[in-house]
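In: Structure of the sequence below:
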Amino acid sequence: MRIAIISDIHGNREALDTVLAKIDTLDCAKIFCLGDVVGYGPDPGYCVDLVGERCEVVLAGNHEYAVLGKINIDYFNPHARQATLWTRDHLGSPQVQAISKYPLTHVWEKCTFVHGTLDSPDLFDYIQTSYDAHLSLERLETRVCFIGHSHVPVAFLQSEDAITYSTDAHVDLLPVVKSIVNVGSVGQPRDGNPNASFATFDLVTEQVELHRIPYDLAATQEKIMEAGLPEFLAERLAVGR
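Out: A predicted model of the protein is given here:
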């Protein structure tokens, strides 16, 4: 059985539509979404509705918590704060109710899913180093944990005596004890590659594939500008930063 894992859509309708169309060609039994469906982008309501229809589970990210007022946005950078306030004004009541029900973590079969970390899922910390990974791997009770949040695809692999990492597009999880896989971002990659990112995982062979898909980036940029969102949010999409 193969599943797809998406994360960090950030209101980017064009990227989400393109990624889901690709997933439909890959014979995936289920789709899991790791949060940050909203924030930054011009189509938060559309994205909330669509992941609600297409995904087995949608988790809460820090941008859902920000829109709901569950975290203090004073700690956000000015662009993120402005986008959060804009998003609050552009979500309907059913969509706000939907995101309020997103859980922080989910376990299914040999997979655990979380937006940020397992050691403090409600604080939305980042896993960027082997030590960061170690803290969550200590809590991990399944074979693999899929995460998002940093917008940078990478796998942390725990062997008997070390934690290593891989940025390869194909990762074999069979030889490792446990692993954490960041699936990157659908709507706002930050690894220097502007193409939308997502992952697939075969539960039998334990092979992870990280996919990169181009989308109509110019259309999203134009809508960001028309919405009155910060110009920087449009510019950064083109450089994947």
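In: list the contacts for Val114?
Out: Val114 sits next to Leu34, Leu59, Leu104, Thr105, His106, Pro121, Ser136, Cys145, Phe146, Ile147 when contact means C-beta atoms under 8 Å, 6 or more residues apart in numbering. Bear in mind the C-beta positions are built from the backbone N, C-alpha and C, glycine included.
In: now swap in Asp27 and tell me
Out: Arg2.
In: where's it relative to Glu56, distance?
Out: 15 Å (C-beta to C-beta, to the nearest Å).
In: cool, Leu173 as well?
Out: Where Glu56 is concerned, Leu173 sits at a distance of 20 Å (C-beta to C-beta).
In: what does Ala162 give?
Out: 33 Å.
In: neighbour-wise, which of these two wins?
Out: The residue with more neighbours, out of Ala162 and Glu56, is Glu56; 14 against 8, by other C-beta atoms under 10 Å.
In: That one reaches Ile6, doesn't it?
Out: No: Glu56 lies out of contact with Ile6 (C-beta atoms under 8 Å); the separation is 11.2 Å.
In: joint contacts of the two?
Out: Residues within reach of Glu56 and of Ile6 at once, by C-beta under 8 Å, 6+ apart, are Ile31, Phe32.
In: Using the three-state scheme, assign the residue sitting furthest away from the middle of the chain.
Out: Computed with C-alpha atoms, centre = their mean, the maximum C-alpha offset from the centroid of the chain is found at Asp161, amounting to 29.3 Å. Put simply, Asp161 is coil when judged by DSSP: H, G, I helix; E, B strand; the rest coil.
In: give me every residue that touches it.
Out: Applying C-beta under 8 Å, 6+ apart, no residues contact Asp161.
In: Phi, psi for it please.
Out: phi -130, psi 10 (degrees, to the nearest 10).
In: Same question for Phe113.
Out: phi -130, psi 140.
In: shift numbering so it begins at 58
Out: New numbering, starting at 58: the last item is Phe170.
In: ok, now how distant is it from Lys79?
Out: 20 Å.
In: Of those two, give the one with the bigger neighbour count.
Out: Each of Phe170 and Lys79 has its neighbours counted (other C-beta under 10 Å); Phe170 has more, 28 against 17.
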